[in-house]
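**Student:** can you look at this prediction? I've put the sequence above it.
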There are 4 protein chains.
Amino acid sequence: MNNLLNNVLNKCREYTKNGTVASYIPELAKSNPEDFGICVVADGGSFYCAGDFSKSFTIQSIIKPIILLLALLDKGEEKVRALVGVEATGKPFDAFNYSDQALKCENINPMINAGAIALCTLINGDSYEEKFSRLLSLVRKMADNPQLEVNQDVYISEKTTGNKNRALAYMLKAYGMIGDNVDDILDCYFSACSINVNSFDLAKIAFIFANKGKNIITGEQIFDEKYARYINAVLVTSGMYDGSGEFALDVGVPAKSGVGGGIMAIVPNRMGIGIYSPALDNKGNSCAGIKALESLSKELELSIF
Amino acid sequence: MNNLLNNVLNKCREYTKNGTVASYIPELAKSNPEDFGICVVADGGSFYCAGDFSKSFTIQSIIKPIILLLALLDKGEEKVRALVGVEATGKPFDAFNYSDQALKCENINPMINAGAIALCTLINGDSYEEKFSRLLSLVRKMADNPQLEVNQDVYISEKTTGNKNRALAYMLKAYGMIGDNVDDILDCYFSACSINVNSFDLAKIAFIFANKGKNIITGEQIFDEKYARYINAVLVTSGMYDGSGEFALDVGVPAKSGVGGGIMAIVPNRMGIGIYSPALDNKGNSCAGIKALESLSKELELSIF
Amino acid sequence: MNNLLNNVLNKCREYTKNGTVASYIPELAKSNPEDFGICVVADGGSFYCAGDFSKSFTIQSIIKPIILLLALLDKGEEKVRALVGVEATGKPFDAFNYSDQALKCENINPMINAGAIALCTLINGDSYEEKFSRLLSLVRKMADNPQLEVNQDVYISEKTTGNKNRALAYMLKAYGMIGDNVDDILDCYFSACSINVNSFDLAKIAFIFANKGKNIITGEQIFDEKYARYINAVLVTSGMYDGSGEFALDVGVPAKSGVGGGIMAIVPNRMGIGIYSPALDNKGNSCAGIKALESLSKELELSIF
Amino acid sequence: MNNLLNNVLNKCREYTKNGTVASYIPELAKSNPEDFGICVVADGGSFYCAGDFSKSFTIQSIIKPIILLLALLDKGEEKVRALVGVEATGKPFDAFNYSDQALKCENINPMINAGAIALCTLINGDSYEEKFSRLLSLVRKMADNPQLEVNQDVYISEKTTGNKNRALAYMLKAYGMIGDNVDDILDCYFSACSINVNSFDLAKIAFIFANKGKNIITGEQIFDEKYARYINAVLVTSGMYDGSGEFALDVGVPAKSGVGGGIMAIVPNRMGIGIYSPALDNKGNSCAGIKALESLSKELELSIF
């Protein structure tokens, strides 16, 4: 398996040249576009790694399924679905062009920014510091890594340049979909996007989703099976931005990408995969990361279809 | 299993009252909204039925995955994807609001009308009669039913009232995406949508997709496994119109609905399901049909997620 | 005045290089981009000309205000406004992106293709040949030129390549806004767009609008004053496609352009102006034509604002 | 003339029942929907009034042409047009649905909120207090009323509930169209919208625009004639929101409405008109106000077309 991973990295390394690192958050522009790492957790918890698997990067949008999970755990499916729909929107993650009609639940999705920001308000906690702290605890627990922390430079960079997210949040507020203070909510959201992880962390988180909420090594059921199914389904229809349809064809597993360069891929009942390669295509997905997953999917017949 | 199916029908029958039969094609408006039938083909080919499973209805949009399949078989994946993209559009099946930019492959999808019409041009055949005849042969073969025929009344009704589809076809032509005579292409498309099937036929077709192109009873591999994966993936992301996201959560299997009242659901490696209940929700999906599939999915743990 | 016109042409001739002749109708692509002519009818009917003022070109969209006029004359304001609204749409003349909601009167405008096509159905006549014949008579009468005829080559070229207009017409039909045979309606519309005129003809037509429906030379009141106001108002808000706002600032008179390279400008109570220069900007307006009108407007203080 | 005005009010009073007072700003909801007043300044400065002409209301969007004027005076036409286009957008004043492409100058307009907010940044002044103070001075000068003040209750109400405007401002900032602190800019904008005026004030301001920037009574040329033309042109194409096309037909003069219930109408070279009637139609225009202007326009032949 370690051989396979090394082969995949070697074969796909050229695709790191097809993309560019995210630049709209200045701090992200400092990433090295040639970094490329992968980690797989499989079987009873064995793990396999290759390349820059231990290199840190910010989790960015890969936090979205975990925000969704915590909102589900704290408030239940009914309340979550009443606030944020689950249809693919066919639009970029930061799209503004909502219709002239009042913004409605069914036009947003937990995997686009507007939806993830709205879901932060459903996390339990007396303050947004507490909400964020509970979210960070869940990430640490799923990654089995109590060291995970916010990257302060990225957090400050996001906060400074996050005007599109501010616009989205005020729009949600204007339509009565969120009620709390926008600065507080965004502080929680920006912090959440700025959590530092590496490919190994992502693979372990993915492995929990793959095992329907169970940590196979400790035997602990971290969350109910039904929420794993919920999130896996949402990830297949809209986890890879407006490239989700192509990804379903070419790879065929639930996955989530982030503009930090990470991809978390979930092979139900079999595997958790974490990848890092920060050169992104024009939809915001890691170029080489997708190619590596295509290659692995063919080699190991990972597609759920 | 037959008991289970009867129970499901009884439990979900009340939902037939939540919808209305399609009226934009006058002939469809004559359907009986209380009709409700289901058929399951499973295991090595055993079948189980309940309710109005032998009642005929027109296949309508459920022909779309089969048009896609035949285009793939005739021209290969590369040519198909160069013409029709695979992203969910987040829009109704007959949506007009394409952007001001030139219409592009990536804005259409094989499960919306524009995409299916475009794919008809990729079917082999010297004339559109021949293209349609080859398509009908494939449907008959998959349903193992050489009796399948076009419902002439519905065909004429579609042809008479199909102005939205004419508009879509001329738009495709204006942007150079199709070259042939629009009337010929639409004649093929309207005929294809008007093929009469019943729930049993749909279940058998679904069972071929579920078994990756193989007819398990005869042992014949009707088409390559990779095309089954292709179609299953497309169906999960966009088979149930702009209700695909909710269906993925609540049922969790590849499926396609038609405004004739049918749903074809594919449980990979396990089952083909056909349902008929013509009272539709406002997205064009059978109300009771979706509820029956939710119920079955819970009972038999069908979700692929 | 003849001197002034010659000066204006000389000064603005360089702008003919900023545009390109229309190419989507192949026959139009044969125009000479350097042609540039102007004609002004003023005072009691005196006329002044310069450059290629006698060169023929097809009227194209400049027929739209005359279609609107004839629909008003034949059916009255109430019926016209019930079918086609008057708001600027903020979209190109051949835009497709209507909303998901049913297409409504208020979303179309007599100066975009969809609106002009719809208005053809309101012209009196037992057949579309007769409707067109009555429209041609009105154009001849306003231009005081019984020789005006359809350019058959352009007509055939439009008919062959008019798929976007076919798409728009079928969309209007799908939404119940028009009832007649689409081919017949479009035949009338394509013929109307293909009428050959020159700058002098346009200036005379404009002079009738400028004099509120009266032919000042013969003294005949061709149509009611209120319809002249109606059309002048519509031309200011939407006569120059999605460049109407800029034109109102920079020139300040009701005007209509066509992709054949013509502009008809109306100076209420003072002047009719016809211009020909077929090199178009990206909105479909004659580049040098607009510059010539800006120059004339400053020189002669033509703005109504 | 006073008789005529009284007759117009009596005839149009019933239309106050067709609308509702603005409710999205809570303080505005307290208006009396039956209030109805009008004031006309004409000839050499004579004024004529009827009804509740001295009743105060907030200026709201009628401040937009004055913000535009001050931006033109402070920075010139070139800079203003480089920031904010002049095409009608065909969309409501607070529309969000900009395209997926980067927001561009040509998609906004000085008469919609996004455009007016952007133009505040072009007003000279070291701080937004100073910018606002200069704007208030200009309003006072045009209305010849040094008593004009901000309505503090409305200002606070706007500030509290102005989340849509906050969203628009952050969107402008995200696209680099404005650079200053959003809270400061909006404070200036909310203050400007909350200036208390009455129908007489509006009539006097309109009379300055009608006389091309000149105060006919004092003889002072307050601003250049070219800016009066600029603003009159913009008002005709987009002063009455997405009802501008209909208003051009039915009334035919430059005008601006506000959700406070006011309308300012400009009859070039002849008249300034101010109206107050806070019951609004669904586009945000005063119902009875528009009817009164239609009536006056017919009676006195005010249309510029």
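**Tutor:** Thanks, I have it.
**Student:** any idea how far A:Cys193 lies from A:Ser277?
**Tutor:** Using Cβ to Cβ, to the nearest Å, A:Cys193 is found at 18 Å from A:Ser277. Quick note: C-beta positions are derived from backbone N, CA and C, even for glycine.
**Student:** between the two, which is the more surrounded one?
**Tutor:** Remark: of A:Cys193 and A:Ser277, A:Ser277 carries more neighbours, 33 against 28, as counted by other Cβ atoms under 10 Å in any protein chain shown.
**Student:** assumed A:Gly76 was part of a helix.
**Tutor:** Yes - judged by DSSP: H, G, I helix; E, B strand; the rest coil, A:Gly76 forms part of a helix.
**Student:** for A:Leu69, what are its contacts?
**Tutor:** A:138, A:223, A:227, A:231 (Cβ atoms under 8 Å, 6 or more residues apart in numbering or on different chains).
**Student:** and for A:Thr161, the neighbour number?
**Tutor:** 15.
**Student:** next, name the residue at the spatial heart of chain A.
**Tutor:** In chain A, the residue lying closest to the centroid (Cα atoms, centre = their mean) is A:Ile62, at 1.3 Å.
**Student:** chain C contacts on the stretch 201-305 of chain A?
**Tutor:** Applying the criterion Cβ under 8 Å from any Cβ of the partner chain, no portion of the stretch 201-305 of chain A neighbours chain C.
**Student:** OK, now which residue of the stretch 201-305 of chain A is nearest to chain C?
**Tutor:** The minimum distance from the stretch 201-305 of chain A to chain C, using Cβ to the nearest Cβ, falls at A:Asp242 (17.6 Å).
**Student:** that older thread, and the residue nearest to the centre of chain A, how far is that from chain B?
**Tutor:** Distance, A:Ile62 to chain B, by Cβ to the nearest Cβ, to the nearest Å: 18 Å.
**Student:** what sits closest to that residue if chain neighbours are left out?
**Tutor:** Spatial nearest neighbour of A:Ile62, excluding adjacent residues (Cβ to Cβ, 6 or more residues apart in numbering or on different chains): A:Gly258 at 4.3 Å.
**Student:** before we move on, what about A:Arg166?
**Tutor:** D:Tyr170 (4.1 Å).
**Student:** let me see the mean pLDDT of the helix or strand where the one you found lies.
**Tutor:** Element membership for D:Tyr170, per DSSP states H and E: helix D:163-174. Average pLDDT, helix D:163-174: 92.
**Student:** how far off helix A:163-174 does the next helix or strand after it point, in degrees?
**Tutor:** Moving toward the C-terminus from helix D:163-174, the first helix or strand encountered (DSSP H and E) is helix D:182-193. Orientation check (axes from the mean of the first three to the mean of the last three Cα atoms, to 10 degrees): helix D:182-193 against helix A:163-174 gives 50 degrees.
**Student:** sheet partners, orientation included, of the helix or strand that helix D:182-193 is followed by?
**Tutor:** Using DSSP H and E, the helix or strand that follows helix D:182-193 in sequence is strand D:196-197. Note on strand D:196-197: by DSSP bridges, its sheet partners are strand D:57-58 (antiparallel).
**Student:** mind giving me the domain split of chain A?
**Tutor:** Taking automatic domain parsing as the reference, chain A has its domains at A:2-58+A:198-300, A:61-193.
**Student:** rewinding a little: narrow the contacts of A:Leu69 to those in helices?
**Tutor:** A:138, A:227, A:231 (DSSP state H).
**Student:** so where's chain A shaky on pLDDT?
**Tutor:** Chain A contains residues with pLDDT under 70 at A:89-103.
**Student:** now render the domains of chain A as TSV, adding distance to D:Ile38.
**Tutor:** Listed next are those as TSV, based on distance: least, Cβ to Cβ, whole Å:
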stretch	distance to D:Ile38
domain A:2-58+A:198-300	52
domain A:61-193	32
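**Student:** for chain A, what lies in contact range of chain B?
**Tutor:** A:85-91, A:109, A:228-230, A:232-234, A:236-238, A:242-246, A:248-249, A:252, A:254, A:268, A:303-305.
**Student:** run the last query once more with 7 Å
**Tutor:** Taking Cβ under 7 Å from any Cβ of the partner chain as the measure of proximity, chain A contacts chain B at A:86-91, A:229-230, A:232-233, A:236-237, A:242, A:244-246, A:248-249, A:252, A:254, A:268, A:303-305.
**Student:** so which of the residues you listed belong to strands?
**Tutor:** Using DSSP state E, no member of the residues of chain A next to chain B falls in strands.
**Student:** picking that back up, out of the contacts of A:Leu69, which are buried?
**Tutor:** Neighbour-count burial within these applies to A:138, A:223, A:227, A:231; the criterion is 16 or more other Cβ atoms under 10 Å in any protein chain shown.
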